[in-house]
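Asks: What would the 3D arrangement of this be:
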Amino acid sequence: DFRLGLSATPERQYDPDGTRVLFDFFGDPVFEFTLKEAINVCLVPYNYYMYQVPLTDEEYEDWLALTEIVRKIGGLSDLDTSDSPKMEKNAEMLLFKRRRIIESAQAKIPMLRQILGQRDKDEIKHALVYATDKNREQLIEVNRMLQHDLGLVIHEVTARQTSKGKIAPDILRRFAEGEYNALTCMRVLDEGVDVPQVSEAFLLASNTVKRQWIQRRGRVLRKCDAIGKKIAHLHDFIVVPPNPGDSAARSLLNSEIQRANEFAELAENGAEPGGSFEQLNELMEKMFN
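Replies: Got it, this is the predicted structure:
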């Protein structure tokens with residue numbers, strides 16, 4: 001006679017009909033525990049770092065060409081996602097290709113190399129690197145760069161290394177003990193896998209779906225007394241088009257800013273000089289000047 005739904009993301013983005021069905025079935029929320037309330041209770045606080053990654057002229061031209069095609073077939077409207085249940089298949093595929101350009105931007109891996117290359121490799125522990133699930137080559141290149149260029153000990157985690165939502169025990173043990181500097185993945189660690197030792201995440205690729213942002217941030221903030229985890233670090237790669245002030249570029253940059261604003265809001269270091277608040281203001285000025 002009773003129903004209970006527990007979710008970090010009960011509202012289905014881009015799907016108001018699906019959201020209404022869920023709330024009609026379960027009823028209104030009876031209890032809420034926000035991220036702000038959870039930090040310092042069951043989650044650790046975090047620092048948020050933004051890195052502005054420029055699109056090449058060629059990447060941006062390809063993005064514009066796909067945008068124009070989608071507009072002509074009437075599949076764009078206000079959506080920048082392929083996750084809408086009502087999206088026409090042709091438009092969905094075009095949006096997938098367009099998003100792949102953003103998530104696979106060429107400058108991301110050199111930027112990651114620059115960030116990690118400034119640190120002693122023994123200081124890099126319990127890190128997680130998210131690559132795009134729209135281009136397998138990016139993950140391959142990330143693995144190569146981390147291992148061969150920086151000399152880090154890493155392990156890739158894909159569906160082959162998991163079973164029913166659990167990482168192979170040996171991988172988890174070696175990661176927890178610091179034998180691996182980092183784990184690399186695409187989407188397999190988004191939901192349902194518990195790796196509390198993760199204390200640092202590099203988001204090379206994030207889509208426009210808020211559910212993914214929430215799940216990935218939550219992955220990094222989980223407490224772990226075993227490694228003395230007191231604070232987490234979230235590194236986000238924000239794609240910036242060559243001409244952020246033109247109308248098409250604004251929609252691209254706006255989707256990136258929405259994610260950055262969400263992460264910056266509760267970050268410990270957001271208000272520091274050169275921090276995420278300052279960078280967000282700079283990006284907004286680029287969009288409208």
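Asks: Need the nearest residue in space to residue 62, chain neighbours excluded.
Replies: residue 101 (5.7 Å; CB to CB, 6 or more residues apart in numbering). Bear in mind the C-beta positions are built from the backbone N, C-alpha and C, glycine included.
Asks: What helices and strands are in contact with the host helix or strand of the one you found?
Replies: In this assignment (DSSP states H and E), residue 101 forms part of helix 89-103. For helix 89-103, the packing partners by 3 or more CB pairs under 8 Å, 6 or more residues apart in numbering; DSSP states H and E come out as helix 57-72.
Asks: Confidence-wise, which helix or strand of this structure is lowest on average?
Replies: The helix or strand of the chain with the poorest confidence is strand 162-163; it has a mean of 63 (mean pLDDT, DSSP states H and E).
Asks: Now do the contacts for residue 273.
Replies: For residue 273, the contact set (CB atoms under 8 Å, 6 or more residues apart in numbering) is empty.
Asks: about what we covered before: just checking, the residue nearest to residue 62 touches residue 61?
Replies: No: contact criterion CB atoms under 8 Å: residue 101 and residue 61 do not qualify, at 9.9 Å.
Asks: Those two - which one has more neighbours?
Replies: residue 101 (22 against 13; other CB atoms under 10 Å).
Asks: Show me the helices in the stretch 51-200 of the chain, by range?
Replies: Per DSSP state H, counting those that start in this stretch, the stretch 51-200 of the chain carries helices over the ranges 57-72, 89-103, 108-117, 136-144, 169-176.
Asks: Tell me which of those helices sits nearest to residue 287.
Replies: helix 57-72 (14.9 Å; CB to CB).
Asks: before we move on, back to that, quick one: pLDDT of the residue nearest to residue 62?
Replies: Looking at residue 101, its pLDDT reads 95.
Asks: try residue 214
Replies: Among the per-residue scores, residue 214 shows a pLDDT of 79.
Asks: Can you classify it as helix, strand or coil?
Replies: helix (DSSP: H, G, I helix; E, B strand; the rest coil).
Asks: Tell me how far it lies from residue 185.
Replies: Residue 214 sits 17 Å away from residue 185, taking CB to CB, to the nearest Å as the criterion.
Asks: just residue 196 next, same as before
Replies: 16 Å.
Asks: The two: which is more packed in?
Replies: Regarding residue 196 and residue 185, a neighbour count based on other CB under 10 Å identifies residue 185 as having more, with 25 against 18.
Asks: Just give the nearest non-adjacent residue to that one, would you?
Replies: residue 157 (4.5 Å).
Asks: hang on, the earlier thing: buried sites along the helix holding residue 101?
Replies: 91-92, 94-103 (16 or more other CB atoms under 10 Å).
Asks: ok, now how distant is the residue nearest to residue 62 from residue 108?
Replies: 12 Å.
Asks: what sits in contact with each of these two?
Replies: What both residue 101 and residue 108 touch, as defined by CB under 8 Å, 6+ apart, is an empty set.
Asks: Quick check: the nearest residue to residue 97 once chain neighbours are set aside vs residue 227, distance?
Replies: Distances taken as CB to CB, 6+ apart put residue 66 closest to residue 97, at 5.7 Å, once the chain neighbours are dropped. Computed with CB to CB, the distance linking residue 66 and residue 227 is 43 Å.
Asks: Below-threshold pLDDT in this structure: ranges please.
Replies: 74-88, 161-167, 188-193 (pLDDT under 70).
Asks: Nearest the geometric middle of it, what residue?
Replies: Ranked by distance to the mean C-alpha position of the chain (CA atoms, centre = their mean), the top residue is residue 206 at 3.6 Å.
Asks: do you know how far that one is from residue 272?
Replies: Distance of residue 206 to residue 272, computed by CB to CB: 23 Å.
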